[in-house]
Every structure is written in C-alpha cells, then in structure tokens.
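S.K.: I'll drop the sequence and a predicted model, then ask my questions.
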Amino acid sequence: MAKGWLNSVKRGFTKEEALKEYLYFLADDSLILGQQLSKWCSNGPVLEQDIAIINTALDHIGRARLLFQEIARLEGKGTTEDSLVYFRDHLHFKNALLVEQPNGHWGDTITRSFLMDTFNFYLYDSLRTCEVNSIRTIAEKAIKEISYQAQWSAEWIVRLGDGTEESHTKIQESIDNLWMWSGELFENHPVFEILNEELPSFTSIKDLWLKKVGQVLKMGMLIMPSPELWMQTGGRFGIHSSQLGFILGEMQSLARSYPNATW
C-alpha cells in the first residue's frame, strides 16, 4: 500500500514541481532550524556561545530566504518569500522531522545541530556542482558558513562527550534520543528519481555522513547508535510531529494577525 501511494505521488510531479519540492526540502530545513536556534538568544551557557548560536540561526534563516525567493520566482502569481513562510499551513511544510524537535537542554540542541550540520555540509558541497544554476549559486554562497556550523557543533560534541561525567552522560542520552530522527534525512523520495540528472539525491551522501558522525563521536568517547535502527519518517511528505504546530504558531502569529502590516 505504501509503495503504491509513493508511486502515485511520483506520477503527480512534473519536473518543475519536483524542483520546487526539492527547494522546499532545503528551505524548510533551514527556516525551522533557524527559528529553533533563535530561541537560545540570551539563554546560552556563556555569552560567547550565546552570540555564536544566534549568528548560526541568522545564517540558516538567511539561506532559507534565498531558497524561498527562488521558489517564489518559480511559483509566480504574486508569491513572495513572506507568503511562503507566514501563510503556508503546516501540512505544506517539507522539513525533516529532526529540525522540529524541541531545543531541550544545550546537549539536545547541539546534537540536533551536529546531525543536521554534517548533513548540510556534504549536501551543499555536492550542490556546488549540480546542474541547476540557482541552487548551485546558493550552495556556493552558503558552503563557507555551513562549514563553520559543522565544525562548531562537532567541536561541542567532542567537548561535552570528553568532558565531565555529567556532560558525557547527558550528550550520550541526547544522541540516543535524537538518532531515530536522523534516518529520514536519507530516505528516498520520488522527486530524486525525476531530478536525478540535475540534482543529487540525499541518499548519495549517507555514507559520508555516517563516516564523519562516527569519527566525531569516537573523538568524544561516545557510542554511535546503529544505522539499522528503526527511524521516524513523514516530514518530507508533510506529516509532522505536534512540535511543528507550536513553532509555526509562534513564527506566523504576527503576520497572520496583521496580514497587511508594514514597517
């Protein structure tokens, strides 16, 4: 039944629709993670890291803006980046479930970022040579900040894992708890087959991701869960956890209350 449903989804995509869907994957991941990280403003463990994580949030949101601008151009009919962000229903968001998981404590946030930053590094690096000019340009602009983000979160994983007994225990628990949301990053999707000549599938970077994650966790004296464990799924098809509703409720409330407001 699931296979038949996916086949029907695939038949419903034109190449242009598949390209927009791919862009939504990238844009929604960046937007939701940026929104989540922004909540650490004034709540970081030390001032330096408070500033660092907010700058990271701004990087994610800035990248999301570029991607939404491209989607708006493809959509036409008066679509804008603002309408795509503030007036879409949660069922139309295509972010991975991982980025909508709660911030939790510092270790939870760092683990979520580490898993996502490592994914983004290999994905955007591969997008720098893709056949779609607009995405290639965005990837080239973004790779420097993504490289920093991947290094920053990896260093925190090592620092917490090889720190005190308490920090080691808590970061291992964060890894174990969030691991089941990581597999969705690499699951197949009908748009990848449609766009296989123009854009890389997310599955193509899975081995690189697993290798790097394993290396970093080993440096932090941490245990990497099995990649064969059962994984959550649904986000790429618009099926989300209840957490996304809270995120969008906060993010969209002002624009929906005053839709014609201007600065």
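M.R.: Yep, it's here. Numbering: from 1, shown residues only.
S.K.: the residue sitting nearest the centre point of the chain sits in which helix or strand?
M.R.: By Cα atoms, centre = their mean, the chain has its centre lying nearest to D29, at 3.2 Å. Per DSSP states H and E: D29 is located in helix 15-38.
S.K.: how many other residues sit next to the residue nearest to the residue nearest to the centre of the chain when sequence neighbours are not counted?
M.R.: Closest residue to D29 apart from its sequence neighbours, by Cβ to Cβ, 6 or more residues apart in numbering: N95 at 5.0 Å. Every residue, glycine included, has its C-beta placed from N, CA and C. Residue neighbour count, defined by other Cβ atoms under 10 Å, stands at 23 for N95.
S.K.: ok, N95 to M224 distance?
M.R.: The gap separating N95 from M224 is 24 Å, by Cβ to Cβ, to the nearest Å.
S.K.: ok, and the closest non-adjacent residue to V158?
M.R.: G220 (4.2 Å).
S.K.: just to check, the one you found is in contact with W156?
M.R.: No. If you go by Cβ atoms under 8 Å, G220 and W156 don't touch, sitting 9.2 Å apart.
S.K.: what's the local residue count around the residue lying closest to L97 once chain neighbours are set aside?
M.R.: Nearest non-adjacent residue to L97, counting by Cβ to Cβ, 6+ apart: G235, 4.2 Å away. Counted with other Cβ under 10 Å, the neighbours of G235 add up to 26.
S.K.: how about L66?
M.R.: With other Cβ under 10 Å as criterion, L66 counts 19.
S.K.: that one and V46, how far apart?
M.R.: Distance from L66 to V46, by Cβ to Cβ: 31 Å.
S.K.: before we move on, what about Q252?
M.R.: 32 Å.
S.K.: the more surrounded of the two?
M.R.: More crowded of Q252 and V46, by other Cβ under 10 Å: Q252, with 16 against 8.
S.K.: give me the low-pLDDT residue ranges for the stretch 151-263 of the chain?
M.R.: Flagging of the stretch 151-263 of the chain using pLDDT under 70 yields the residue ranges 263.
S.K.: give me that answer again for 80
M.R.: 262-263 (pLDDT under 80).
S.K.: show me where it has its helices.
M.R.: Here the stretch 151-263 of the chain has its helices, by DSSP state H, counting those that start in this stretch, at 165-178, 190-194, 206-219, 242-257.
S.K.: which of those helices sits closest to Y124?
M.R.: Ranking these by distance to Y124, with Cβ to Cβ as the measure, places helix 206-219 first at 12.4 Å.
S.K.: packing partners for the closest one?
M.R.: helix 106-127, helix 133-161 (3 or more Cβ pairs under 8 Å, 6 or more residues apart in numbering; DSSP states H and E).
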